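>>> structure, please.
(chains A and B)
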Amino acid sequence: MGKLLIICGPTAVGKTSLAIELARTLEGELVSADSKQVYKGLDIGTGKDIPPQAKRKGFYLYKGVKIWGYDLVGASQDYSVAQFVAFAQDRIKRIRKDGKLPILVGGTGLYIRAIVDGIGTVEIPNNNALRKNLAEKEVQELFELLAQLDPIKAGSLNASDKKNPRRLIRAIEIATWRLNSGGRKLKQVRPQEDALFIGLIAPKKVLYERIDKRVETRLRAGIIKEITALLKSGVDWDNQSMSSLGYRQWREYFAGVSSKEEVVKLWKVQERKYAKRQITWFKKDLRIIWFDVVSPGWREKVEKLVKKWYKLS
RNA sequence: GCUGGGAUGGCGGAGCGGACAAUCGCACCAGACUGUAAAUCUGGCGGUCGAAAGGCCUACCUAGGUUCGAAUCCUAGUCCCAGCA
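Coordinates of the predicted model:
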């Protein structure tokens, strides 16, 4: 039974920094659970706050700690939880084989859940033809279509999901697959048994200040240059990677519609809203043990807790 | 100084006599989430009473007026903006 340490929480609370520290004392390796750091070339905006010299083959080596999960695909490619699960599960296994502690660190709640609890339908692939077909449809139509294909699923959707085209399309995709798969069984998901969840949080005011500061830092670090280079290399604004915070906001600037100041302002606002969404997601998970990063001695407390958990094997 | 245009909720911006506590967008608050998740989506958003339906109050620069009824019309004032001087 393998142990898995999880460090989660909203953006800008210092998850990576804590994870590295813990990895050093416990002989661990990090696996980033971050849906945007997987893209090559998206460095500044996604907060790979690691010097480029740290880059090795397949991982980053920083302060003697290996970090996995960055730069997995090109910036023009699509990516999804399914790929992440495949990657991370394999990585976690290898880390354990090396006798090290895997530390899953990141702010993408779905990715963490997918590793810890599993997603039953994750192996059902996307169907691009179908997606394209449904892309223009109204939610009403999509819902009715789903209701025909899978009335139970349709009935179980909440008011919000019933109006969410993206979710409806995926649900239709799954229903379609089931109809065409001839009753093929999906693999049983196997949840992680011994996971410790550490959640980092800060008072809203502090968090927002940190976010603002971070945006400024990224601006100074050359986010505009980075985007320019990405565009030049053939990355398109409509690519999934470019929907990342701190990238998509620049579209209007590059189109000559918005000023730099306007973009930065927008960016900060969006970043805050994102943090809010993350908190909404994580706070539902009662397994998470929360630490306020402005409270004195929190690092020692975390360390103590983690050590205790790790030794109990 | 003259001539036009305008002042609407935290901001932008509709409405131009009744269906207006005022479309919509942004912000803000709350929430959802099982292959795009830094994505996508939902609800709320003047005050107050109520579980709700709904009621009451205060509101569209200020002050008067017309009208059964005014954010919408008239008069005066204040302040903005544009053109002419």
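>>> tell me the domain ranges of chain A?
Split into domains by automatic domain parsing, chain A comes to A:3-118+A:195-311, A:128-180.
>>> buried stuff in stretch A:44-56?
A:44, A:45, A:46, A:47, A:48, A:50, A:54, A:55 (16 or more other Cβ atoms under 10 Å). The way it works is simple: take the backbone N, C-alpha and C, and place the C-beta from them, glycine included.
>>> what residues does the stretch 1-150 of chain A put near RNA strand B?
A:34-37, A:45-47, A:78-83, A:107-111, A:113, A:117-126, A:131 (Cβ under 7 Å from any atom of the strand).
>>> of the residues you listed, buried ones?
Buried, going by 16+ other Cβ under 10 Å: A:34-37, A:45-47, A:79, A:81-82, A:107-109, A:111, A:113, A:118, A:122, A:124, out of these.
>>> next step: the residues you listed restricted to helices.
Applying DSSP state H to these, the entries found in helices are A:81, A:82, A:109, A:111, A:113.
>>> scan chain A for its longest strand.
strand A:194-201 (DSSP state E).
>>> what lies in contact with the very next helix or strand once past it?
Note on strand A:194-201: by DSSP states H and E, the next helix or strand toward the C-terminus is helix A:204-220. Residues from elsewhere that reach helix A:204-220, judged by Cβ atoms under 8 Å, 6 or more residues apart in numbering: A:10-13, A:44-45, A:47, A:201-202, A:246, A:264, A:267-268, A:271-272, A:275, A:293-294.
>>> now, those that are in helices?
Those of these lying in helices (DSSP H): A:264, A:267, A:268, A:271, A:272, A:275.
>>> check contacts around the third one.
In this case it means residue A:268. A:211, A:212, A:215.
>>> now with 6 Å, please.
By Cβ atoms under 6 Å, 6 or more residues apart in numbering, the contact set of residue A:268 is A:212, A:215.
>>> what of the second one?
By Cβ under 6 Å, 6+ apart, the contact set of residue A:267 is A:215, A:246, A:249.
>>> just those residues that are near RNA strand B?
Filtering the contacts of residue A:267 for proximity to RNA strand B by Cβ under 7 Å from any atom of the strand leaves residue A:246.
>>> of the contacts of residue A:267, which is the nearest to RNA strand B?
Distance to RNA strand B across those (Cβ to the nearest atom of the strand) is lowest for residue A:246, with 5.2 Å.
>>> measure that closest one to residue A:142 for me?
Here the criterion is Cβ to Cβ, to the nearest Å. By it, residue A:246 lies 31 Å from residue A:142.
>>> just residue A:224 next, same as before
For residue A:224, the distance to residue A:142 (Cβ to Cβ) stands at 38 Å.
>>> who has more neighbours out of these two?
With neighbours defined as other Cβ atoms under 10 Å, residue A:224 and residue A:142 compare such that residue A:142 has more, 22 against 16.
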